[in-house]
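fold the following.
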Amino acid sequence: MTRLILSAAAMVGFGFAWSLSAAENWPQFRGAHGGRTASERALPTEIGPDRNVAWKIELPPGHSSPVVFGDAVYLTGVRDDKQLVTIALDRRTGKTLWEREAPHAKLEEIHSVGSHAQSTPCTDGEHVVSFFGSCGLFCYDVTGKLLWQLPMGPFNNGFGAGISPILVDDHVILCQDHDTDSFLMAVDKRTGKIAWRTDRSEFPRNYCTPAVWEVDGKKQIVVAATLRVVGYDAATGKELWTVRGIARTVCASPVVGDDNQLYVASWSAGGDAGELIRFDPFEKALVAFDKNGDGLLIEDELEKGPVKQRFTQADRDKSGTLTREEYEFFRMLFDKSRNNVIAIKPGAVGEATSSHIAWEHEKLVPFCASPVYYGGTLFTVKDGGIVSSLDTTTGKPIKQGRLPASNDYFASPVAGDGKLYFLNDEGKLTVLSAEGNWSVLAEAEFDEPTYATPALVDGRIYLRTQSRLYCFATDAAK
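Residues are numbered from 1 along each chain as shown. Predicted coordinates:
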């Protein structure tokens with residue numbers, strides 16, 4: 001089904017010469033710089049379902065974050081539990097401009113708290129690119145005309161796809177790390193043709209949206225994933241450098257600070273010092289659990305523990321059995337996994353673990369929520385609502401404390417106008433002062449689940465909950 005709700009008047013205002021030509025944009029997950037924050041236009045401190053609301057609209061469910069360019073807001077959703085849709089909204093009013101369905105034969109398996117609209121779209125003001133996992137990439141123009149689509153999958157991952165595409169010059173950059181056949185690729189944004197594709201088959205499932213890092217005048221695509229951070233040449237996809245010593249699974253995206261240093265946070269169960277998960281070698285496990293003597297392990301043979309709990313991840317080829325190679329690879333991940341926040345200096349070439357890690361911090365590391373850099377300080381939020389402000393010169397904590405809203409944090413914090421906005425999965429918002437010795441400025445409750453990262457644009461805050469999109473502004477900006 002294709003929905004088109006675009007009046008002639010809207011077409012004129014929404015044409016190719018933006019009426020908000022001088023406006024800011026938030027063109028991808030975490031904004032123009034992938035996490036460097038918004039400009040310093042005044043943003044409302046007090047927001048909530050009935051506070052400083054410029055407009056609010058009902059939306060189909062989805063976890064993708066809103067992106068903003070010119071006169072439009074773009075996001076994705078799942079309508080009627082089966083239709084995967086890309087939606088364009090009028091930036092001033094929230095009215096629907098157009099809606100397009102991404103056709104698919106079958107919805108892929110996803111995590112119990114996931115969505116089939118997990119990945120955030122990206123746009124350059126001419127192209128709007130959405131990604132729906134195994135359904136593939138879909139590129140539209142700003143009137144909703146389909147320009148091209150690139151089928152993919154099916155991906156080998158019981159949690160589904162969650163990494164978002166980004167636009168770098170003339171290419172859509174997409175990383176997909178699944179239990180097998182992982183890759184990073186560049187697609188021509190005008191034609192949908194693959195420009196280059198880099199094999200990442202060593203990496204099992206990860207959820208890190210890449211960051212763009214410009215070093216010595218050249219752009220790099222940086223991916224933090226299983227056990228190592230990798231910088232790739234944006235023009236060719238060639239691996240340029242690597243830093244080792246991070247978690248076995250990475251969900252948070254890196255951020256480049258105003259100091260042009262790269263900050264990476266990675267956490268997975270079993271990687272905290274003092275809470276390490278270890279298990280026996282394969283030969284010992286066979287003696288204990290291989291009841292039928294076939295030299296393989298099946299899930300029913302195993303006792304409760306880290307391997308049985310994550311059997312479908314360890315079983316990378318999804319054969320229903322664990323071979324020696326699969327088991328030992330999975331054991332190695334736990335042996336080498338380290339939960340930490342690290343700072344990486346620019347200029348790395350080749351193996352750079354010992355030469356380019358500026359500092360490492362190992363406590364209260366976030367899981368899904370990416371770090372945010374603001375004014376020389378790095379801010380993180382760990383599940384449970386524990387916020388850390390780290391000195392970006394030394395990595396030492398300035399202040400650590402628990403927010404009024406605890407629970408889990410899937411949305412990444414965003415910052416602007418001297419404020420930080422933290423949103424947990426229960427729809428509870430906390431606004432902090434964006435300083436090392438932070439303090440709570442405001443709180444709000446939206447009374448429904450929230451997973452999307454807000455967008456801060458032109459003094460407005462675009463915040464998505466499970467069923468709505470809100471636009472907040474001060475009275476002067478409405």
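
stretch 376-386: how far from the chain's middle?
Averaging C-alpha positions (C-alpha atoms, centre = their mean, to the nearest Å) puts stretch 376-386 16 Å from its chain's average.

same question for stretch 298-313.
Taking C-alpha atoms, centre = their mean, the mean C-alpha location of stretch 298-313 is offset from the chain mean by 28 Å.

can you give the contact residues for it?
Stretch 298-313 has contacts (C-beta atoms under 8 Å, 6 or more residues apart in numbering) with 158, 179, 204-205, 270, 277, 279, 285, 289-292, 297, 314, 318, 320-322, 327, 330, 334. Any C-beta I mention is one placed from the backbone N, CA and C, and that applies to glycine too.

show me where this structure has its helices.
All helices of the chain, identified by DSSP state H, fall at 8-13, 282-289, 306-309, 311-314, 324-336, 353-356.

tilt between the second one and helix 324-336?
Meaning helix 282-289. 110 degrees (axes from the mean of the first three to the mean of the last three C-alpha atoms, to 10 degrees).

surely Thr249 meets Ser268?
Yes. The criterion here is C-beta atoms under 8 Å, and Thr249 meets it with Ser268 at 4.2 Å.

between these two, which one's more packed in?
Applying other C-beta atoms under 10 Å to Thr249 and Ser268 shows that Thr249 carries more neighbours, namely 26 against 22.

separation between that one and Glu239?
Distance from Thr249 to Glu239, counting by C-beta to C-beta, to the nearest Å: 20 Å.

from Gln28, how far out is Gly136?
For Gly136, the distance to Gln28 (C-beta to C-beta) stands at 18 Å.

if you count what's nearby, which of these two comes out ahead?
Set Gly136 next to Gln28 and count neighbours by other C-beta under 10 Å: Gln28 wins out with 27 against 18.

Gly136 versus the nearest residue to that one once chain neighbours are set aside, what's the distance?
Spatially, and ignoring its direct neighbours in sequence, Gln28 is nearest to Cys122 (4.0 Å; C-beta to C-beta, 6 or more residues apart in numbering). Distance, Cys122 to Gly136, by C-beta to C-beta: 15 Å.

show the contacting residues for Ser337.
Counting by C-beta under 8 Å, 6+ apart, Ser337 makes contact with 227, 246-248, 268, 270-271.

cutoff 6 Å now
Contacts of Ser337 were listed using C-beta atoms under 6 Å, 6 or more residues apart in numbering, and they are 247-248, 271.

Gly125 too?
Applying C-beta under 6 Å, 6+ apart, the residues near Gly125 are 69-70.

same check on Asp272?
Asn339.

show me the chain divided up by domain.
1-162, 282-336 (automatic domain parsing).

deepest of these, which one?
Comparing the domains of the chain by mean neighbour count (mean count of other C-beta atoms under 10 Å), domain 1-162 ranks first with a mean of 19.

quick one: distance of that one to the chain centre.
14 Å.

let me see the mean pLDDT of stretch 463-471.
Computed over stretch 463-471, the mean pLDDT rounds to 98.

and that stretch, what's buried?
Neighbour-count burial for stretch 463-471 flags 463-466, 468-471 (criterion: 16 or more other C-beta atoms under 10 Å).

so of those residues, which ones are in strands?
Cross-referencing these against strands under DSSP state E gives 463-464, 468-471.

can you count the residues close to Glu435?
Glu435 has 18 neighbours, counted by other C-beta under 10 Å.

likewise Cys368?
Cys368: 21 neighbours (other C-beta under 10 Å).

and for Thr242?
Neighbours around Thr242, by other C-beta under 10 Å: 16.
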